[in-house]
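Enquirer: okay, here's the prediction I keep looking at, along with the sequence it came from:
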Amino acid sequence: MGRPKGSTNKPKDGEVPKSGHNSSLTDEQRQALHLNQHVPAYAKALEKKKTADAEFKNACRLIKSEGGSVKAVKLTLELRTPEGEAAFRARIAEETEVAAWNGVGVQVDMFADQMQPSEDKAYDAGKRAGMAGETAKPPHDPSTSQFRKWMDGHAAGQAVVSKGFKTLEPEKEAA
């Protein structure tokens with residue numbers, strides 16, 4: 001007959017109940033559960049999925065229409081995590097090795113960022129933050145040169161954004 005009144009085994013929001021938690025329901029109760037909970041929950045989730053899919057496709061179309069690349073956006077998101085950066089470095093190392101095996105000369109310095117002066121790194125990081133619209137909160141102590149360089153970079157990034165962007169003209173349809 002379902003869960004006893006006052007049962008504390010009720011799944012929390014977003015939690016999937018354990019299999020068989022409603023296994024002792026009558027046929028009528030199963031039908032009511034289906035019509036009253038399962039169908040509306042599925043329909044609501046499906047509608048959210050369709051909306052999200054449409055928004056995702058529109059974002060991809062916008063990226064492409066403005067001359068960008070979805071692949072580049074995915075790479076940027078990947079590189080924002082230590083795990084993603086490690087996977088990227090491993091992929092580049094493997095591809096470089098295979099290219100050399102096939103007579104394709106490729107020279108990649110995967111450790112160039114580690115040799116870059118800390119002030120230059122700070123400037124570049126600040127500029128990226130400024131272009132991304134992030135607030136000016138450098139990860140450096142205010143007494144350091146890296147702090148000042150980060151702030152200079154942030155201002156330079158904000159200057160790029162403040163100039164605005166032209167959107168591509170829609171292509172005229174052929175008559």
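Expert: Noted; the coordinates are in hand.
Enquirer: got a pLDDT number for Thr8?
Expert: The per-residue pLDDT reported for Thr8 equals 47.
Enquirer: lowest-pLDDT helix or strand in this protein?
Expert: The helix or strand of the chain with the poorest confidence is helix 112-115; it has a mean of 66 (mean pLDDT, DSSP states H and E).
Enquirer: residue boundaries of the helices in the chain?
Expert: With DSSP state H as the criterion, the chain has helices at 27-33, 39-65, 70-79, 82-101, 112-115, 118-131, 145-162.
Enquirer: among these, which comes closest to Asp13?
Expert: Shortest distance between Asp13 and the helices of the chain, using Cβ to Cβ, is found for helix 39-65: 11.7 Å. C-beta here means a position set from N, CA and C on the backbone, and glycine is covered the same way.
Enquirer: quick one: list the elements packing against the closest one.
Expert: helix 70-79 (3 or more Cβ pairs under 8 Å, 6 or more residues apart in numbering; DSSP states H and E).
Enquirer: quick one: mean pLDDT for the helix it packs on?
Expert: 97.
Enquirer: quick one: it to chain centroid distance?
Expert: Put simply, helix 70-79 sits 8 Å off its chain's centre (Cα atoms, centre = their mean, to the nearest Å).
Enquirer: quick one: it to helix 118-131, angle?
Expert: Taking axes from the mean of the first three to the mean of the last three Cα atoms, to 10 degrees, one finds helix 70-79 and helix 118-131 inclined to each other by 120 degrees.
Enquirer: for helix 70-79, packing partners?
Expert: Counting by 3+ Cβ pairs under 8 Å, 6+ apart, helix 70-79 packs on helix 39-65, helix 82-101.
Enquirer: and these as CSV, adding distance to Asn22 and mean neighbour count?
Expert: Converted to CSV, the helices and strands packed on helix 70-79 look like this (distance: least, Cβ to Cβ, whole Å; neighbours: other Cβ atoms under 10 Å):
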stretch, distance to Asn22, mean neighbour count
helix 39-65, 14, 11
helix 82-101, 39, 12
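Enquirer: mean pLDDT lowest for which of those?
Expert: helix 82-101 (a mean of 91).
Enquirer: hey, C-alpha coordinates of it in CSV?
Expert: C-alpha atoms of helix 82-101 as CSV (Å, rounded to 0.1, in the frame of the first residue of the first chain):
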residue,chain,number,x,y,z
PRO,A,82,43.6,21.6,-13.7
GLU,A,83,42.3,18.2,-15.0
GLY,A,84,41.4,19.8,-18.3
GLU,A,85,44.8,21.4,-18.7
ALA,A,86,46.5,18.1,-17.9
ALA,A,87,44.3,16.3,-20.5
PHE,A,88,45.1,19.0,-23.1
ARG,A,89,48.8,18.7,-22.5
ALA,A,90,48.7,14.9,-22.8
ARG,A,91,46.7,15.2,-26.0
ILE,A,92,49.1,17.7,-27.5
ALA,A,93,52.1,15.5,-26.5
GLU,A,94,50.6,12.5,-28.1
GLU,A,95,49.6,14.3,-31.3
THR,A,96,53.0,15.9,-31.6
GLU,A,97,54.7,12.4,-31.3
VAL,A,98,52.4,10.9,-33.9
ALA,A,99,52.9,13.8,-36.2
ALA,A,100,56.7,13.3,-36.0
TRP,A,101,56.2,9.6,-36.7
